[in-house]
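In: Give me the fold of what follows.
(one chain, ligands or ions: 1)
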Amino acid sequence: MNHMKCWLCCCTFLAAVLLTGCRSGKTHIPKVWNVASIQTETHPQTLAVKKMGEIFSELTGGKYKIEVFPNELLGPQRETLEQVQYGIIEMAVMGNPNVSSFEQGFLTFEMPFLFDDLEHQKIFFETSPVVPVLFKSTDKYNFTILTYFTAGTRNIYAKKPVRNLADLKGMKIRTAESDTYAKMMSALGGAATPMSFGEVFTAIQSGVVDGAENNEASYANTKHYEIAPYYSLTKHLIVPDYLVINTKLYEALPEEDRQALQEAVRQALIYEVELWQQDAAERLEQVKKGGATIVEDVDTLQLQKAVEGLHKELTQNPKIKEVYDAVKATSKLK
Ligand code: GCU
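Out: The predicted structure follows:
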C-alpha cells in the first residue's frame, strides 16, 4: 500500500509540474479531476463524491470526469490539502482541523458539545448567514469550500469502557492534530496524543495510546474495534468535514460549468447527510457482530460540565465568538 501511495504521489507531483509548465498564467482546466479522501470506498462521503461526479459529468455533457482516490491513497489530509492548493489534485475531502489552522472561525466546530445533535449541525450549516462568509474566507489560501459534509458524532473507544471523568483519568487518547482537541482531552482528565488518521491502528495496538475517538464509520471501517472493543457513547464532538477545490480552477470554470458543479454538490450533500444515519446504524451492528460493546450509560452531562471553562476560554476570541453565537442562534435548546 505504501509503495502504491508513493507511486501515486510521484505521478501527481509530475503531473503538477507538467501542468504548471503549460499554464503560462492561464489556469488549465483538466477534463479528469482527482479527488482525495482518507475514507473507504463505501463511506458515505466517498459515495457522495462519486455521485457528485456523475451528476457534474451528466450536467456538462460528459465534459468532466471525477476520479476519487479513497483510503488515504494520496496521503494524509494535510498533504492532500496542499496538493489542492498547489493544483496537483483538484479536490479533497478535508477534516476541520486542517481548515481551522488557516481560519480561526472554524475552531468553533472543534468545541466539544457545541451542537445539540446532527439535525442542529445540518440546520446551522444550511441556513446560517455566517456559513457562506466563513467558507469564502479560505479562498485567499487557494482552496474553496464547496460544501460541508456531516461526519457524525464522535465517541471515545478503548480497551475499557469510559462512562465518566474518573474512567478517562490519565488515559492517552489519540485525537486529530488540533490544540483545541488537546485542551478538550485535558479538561476531560485524559491526555491527547495527536497523530494522523492512518497511524491510529498501530498506535493502539502497540500501546502508544490507550484509545481514540471517532464516529461510527471510522471506528468500523478502520477495524479499530478489533483492538479497542469498547465504544462509549460520549458524544463529545459533532465536527464536520468539507469538500474543497482549488480556487483558481473553480474561478476559471465557465459560468455554466460552475453552476453545474454547484448543483452536483448540492445533491451530493443531501445524499451524504441522508446516508449517514443509516450507515452509522449499520456500522454499529457491524462492530457489535465483530465483538465490540457499545457503552450507552455515559454521564455526558458530567463531561459537558467539565468543558464549560474551555467554551469560555475559546469564546474570548472574537472570530470564534461570532461563529459560536451563530451556532447557538440556531439551537433548539436556546
Ligand atoms: C473522521 C473524519 C476525518 C478525520 C478523521 C480523524 O474520519 O471524517 O475528517 O480526519 O476522523 O480522526 O482523523
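In: The ligand contacts on the chain?
Out: Gln77, Gly95, Ala151, Ala176, Phe197, Asn214, Asn215, Ser218, Asp241 (CB under 6 Å from any ligand atom). For the C-beta atoms, the positions are set from N, CA and C on the backbone; glycine is no exception.
In: Just among the residues you listed, which is most surrounded?
Out: Most neighbours among those, by other CB atoms under 10 Å: Ala151, with 27 neighbours.
In: wait, what's in contact with Lys159?
Out: Listed by CB atoms under 8 Å, 6 or more residues apart in numbering, the contact partners of Lys159 are Asp210, Gly211, Ile227, Ala228, Pro229, Tyr230.
In: Out of those residues, the closest to Phe143 would be?
Out: Among these, Gly211 lies closest to Phe143 (CB to CB), at 31.9 Å.
In: Bridged to Ser232, which residues?
Out: According to DSSP bridges, the residues that bridge with Ser232 are Ile156, Val295.
In: measure the closest residue to the ligand within the stretch 201-334 of the chain to Gln104 for me?
Out: For the stretch 201-334 of the chain, the residue closest to the ligand is Ser218, as judged by CB to the nearest ligand atom, at 3.8 Å. Separation of Ser218 from Gln104 (CB to CB, to the nearest Å) stands at 25 Å.
In: repeat for Ala268
Out: In terms of CB to CB, Ala268 sits 28 Å off from Gln104.
In: Which one's more surrounded, those two?
Out: Legend: neighbour count by other CB under 10 Å for Ala268 and Gln104, higher for Ala268 (25 against 15).
In: Quickly find the element holding that one.
Out: helix 255-289 (DSSP states H and E).
In: Next, the buried residues of that helix.
Out: 257, 260-261, 264-265, 267-269, 271-273, 275-276, 279-280, 283-284, 286-287 (16 or more other CB atoms under 10 Å).
In: where does the stretch 1-150 of the chain have low pLDDT?
Out: Applying pLDDT under 70 to the stretch 1-150 of the chain flags residues 1-24.
In: For it, which residue gets nearest to the ligand?
Out: For the stretch 1-150 of the chain, CB to the nearest ligand atom, closest residue to the ligand: Gly95, 2.9 Å.
In: Pretty sure that residue sits against Leu81.
Out: No: contact criterion CB atoms under 8 Å: Gly95 and Leu81 do not qualify, at 9.4 Å.
In: got the residue ranges for the strands in the stretch 1-150 of the chain?
Out: 32-36, 65-69, 91-95, 143-149 (DSSP state E, counting those that start in this stretch).
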